[in-house]
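S.K.: Can you look at this prediction? I've put the sequence above it.
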Amino acid sequence: MVNLILRFVSCSRGAGLRASTSEVLDCFHQLQLVDVTDESQFRAVLRANFAKNLREQSKFDHLYHLFFKELREDESIAHSSVLADRMDEILKFLKKKFDEEEGFTPVLDFLAGDPFEFLQDLRRIMTEGEGQYQGIGANLGPVTRRLEVMLRLNAVRGALTQYMEKNRMRIDWEDRRDLLAHYNDRLETARDLLTRDQRVQSSGLEKVTVYDNKLGRLGEIPFISLTQREIDEMRDVVEKLVRKLKDKVSLRHSRKNSGVLDVKKTLRKSAKYNGVPIEIVFKNRPPRKGKVVTLCDVSNSVWSAAKFMLNMLYSLQECFTKVRSFVFVAGLAEVTKVFEDNEGSKAVDKALNEADIEYGAPTDYGLTFRHFKREYMDALNKKTTLIIIGDGRSNYTNPEAEILGEMKERCRRVIWLNPETKRFWYTGDSEMKTYEPYCNQLRQCQNLNQLVDFIEDLVL
């Protein structure tokens, strides 16, 4: 049992799960307290020790199934010494055949039931290019590596078929059938690991699609289609809306002598009145001020929505503890100070002129996330709402969705505002399907009605 779990720990580490020595020791101690013959209890103990968050739980479940079920020796082979000898013979043949070719050892070890090297290879492929800018086609390296592994799997499959054909007279057809089925199953498992979707499932993702028509015709015009006259009209409307929202927030926070009864304090006060609760005390309701961090794509039509969003956020910044803003195209720059020192459209123009980013470059969300992780990750905490404004079109570069997952774990929630028409979200170079599992909310934000709905939800 100890050796089995240690092998599983090695494979988990090879696949990227963090398992410290103390956690392994804790696992052994806890297994003594449960019935290890009950798979649900055994699995629960391992999962509690080696999977620390939602992303790791999904990875753990797949690894557990792989290690304890898919790679377990077939019953028909386990009880046949003849087939066991044939398997050793086949593995020796494959090792001899591919001995001088690079990269086949992990595949052959996987066929033998040891997935450690193969999982490490997959992990290296998944993390290739992280932390460095490679521009357009940054994901071609990982794609090429996956293709190379796929070709090795096909070569091994072909060698197995060839071996069986050459030994038709020496090996019974029933044994050939069982052996081929066994190895084909393992090759199919390896292929599935190579090509499977690595994204986590998003439980609790809220897609907001219904909006009230609050501002009539003006509120329904897409930001990208607004004329200068309509933009001027909209600024007046936005100012009125901001004032109304501030009034609502102030009124909500001023109601201190109503709400939930504070039983303990009321009983304590009643002591001087012989137990009669003459002075009623209510629980204090401190303002629920949160922190907001925004990442705004400032390329083409996306910026037309982002500038209204930033203007409204900074007009309402007294409703938040802190508002930090970043703009990006193929690089990231913080513009918080610009919006704090200037007002309205002046701040927008100044942010565009002073931000140290290359506006002519193709949009690269992966590069932006890498830059944010490297320099600004401490801006996120459990009181932070991360708002990303963009269409998710990353020009076929590496999307770095795993980094967005890390950002989600650090903050309270992730809200993605997409100014593009929803039916185009999952087409072409859009990575919205990749980013979707790492968001708590996806909202279409093409016009002022939709933006006001979002701001009201955020503030109130």
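M.R.: Structure's in. What do you need? Numbers count the residues shown, from 1 in each chain.

S.K.: where does the stretch 1-150 of the chain have low pLDDT?
M.R.: Counting by pLDDT under 70, the ranges of the stretch 1-150 of the chain that qualify are 72-81, 126-141.

S.K.: And the stretch 201-350 of the chain, by the same measure?
M.R.: For the stretch 201-350 of the chain (pLDDT under 70), the answer is 201-217, 247-259, 284-289, 301, 343-345.

S.K.: let's go with 90 and repeat that
M.R.: 201-292, 294, 296-350 (pLDDT under 90).

S.K.: Show me where it has its strands.
M.R.: 206-208, 291-297, 322-328, 332-334 (DSSP state E, counting those that start in this stretch).

S.K.: so which of those gets nearest I278?
M.R.: Closest to I278 of these, according to C-beta to C-beta: strand 291-297, at 40.9 Å. All C-beta atoms are positioned from the backbone trio N, CA, C, and that covers glycine.

S.K.: re earlier: will you turn the strands of the stretch 201-350 of the chain into JSON lines that also has distance to M407?
M.R.: JSON lines is the format used below for those (distance: least, C-beta to C-beta, whole Å):
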{"stretch": "strand 206-208", "distance to M407": "18"}
{"stretch": "strand 291-297", "distance to M407": "9"}
{"stretch": "strand 322-328", "distance to M407": "12"}
{"stretch": "strand 332-334", "distance to M407": "13"}
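
S.K.: Let me know which of those strands is the nearest to E89.
M.R.: Judging the strands of the stretch 201-350 of the chain by C-beta to C-beta, what sits closest to E89 is strand 206-208, at 55.7 Å.

S.K.: mind checking the backbone torsions on the residue of the chain most remote from its centre?
M.R.: In the chain, counting by C-alpha atoms, centre = their mean, N274 sits farthest out from the average C-alpha position, at 58.7 Å. When read as degrees, to the nearest 10, the backbone of N274 gives phi 60, psi 40.

S.K.: Roughly how far does it sit from T266?
M.R.: Separation of N274 from T266 (C-beta to C-beta, to the nearest Å) stands at 14 Å.

S.K.: Same question for N300.
M.R.: Applying C-beta to C-beta to N300 and T266 gives a distance of 59 Å.

S.K.: on that earlier part again, could you export the strands of the stretch 201-350 of the chain to a markdown table, including columns for distance to F93 and mean neighbour count?
M.R.: Below are those laid out as a markdown table (distance: least, C-beta to C-beta, whole Å; neighbours: other C-beta atoms under 10 Å):
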| stretch | distance to F93 | mean neighbour count |
| --- | --- | --- |
| strand 206-208 | 54 | 13 |
| strand 291-297 | 54 | 23 |
| strand 322-328 | 54 | 22 |
| strand 332-334 | 53 | 19 |
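
S.K.: Of all these, which one is nearest N381?
M.R.: So among the strands of the stretch 201-350 of the chain, strand 291-297 is nearest, using C-beta to C-beta, at 7.2 Å.

S.K.: Neighbouring strands - and their directions - for the closest one?
M.R.: strand 322-328 (parallel), strand 384-389 (parallel) (DSSP bridges).

S.K.: circling back to that earlier point, which one of the strands of the stretch 201-350 of the chain lies nearest to D172?
M.R.: For the strands of the stretch 201-350 of the chain, proximity to D172 was assessed by C-beta to C-beta; strand 206-208 is nearest, at 57.2 Å.

S.K.: Strands of the stretch 351-460 of the chain, residue ranges please.
M.R.: Under DSSP E, counting those that start in this stretch, the stretch 351-460 of the chain gives strands at 384-389, 413-418, 441-444.

S.K.: Would you mind measuring from the closest residue to Y314 other than its chain neighbours to N311?
M.R.: Nearest non-adjacent residue to Y314, counting by C-beta to C-beta, 6 or more residues apart in numbering: F339, 4.7 Å away. Using C-beta to C-beta, F339 is found at 9 Å from N311.

S.K.: Quickly list what's touching both of those two.
M.R.: Common neighbours of F339 and N311 (criterion: C-beta atoms under 8 Å, 6 or more residues apart in numbering): A347.

S.K.: Quick check on the two: which one has the bigger neighbour count.
M.R.: Set F339 next to N311 and count neighbours by other C-beta atoms under 10 Å: F339 wins out with 23 against 20.

S.K.: ok, that one - contacts?
M.R.: 310, 314, 323, 325, 347, 351.

S.K.: Which of the strands of the stretch 201-350 of the chain sits closest to P437?
M.R.: The nearest among the strands of the stretch 201-350 of the chain, by C-beta to C-beta, is strand 206-208 at 12.5 Å.
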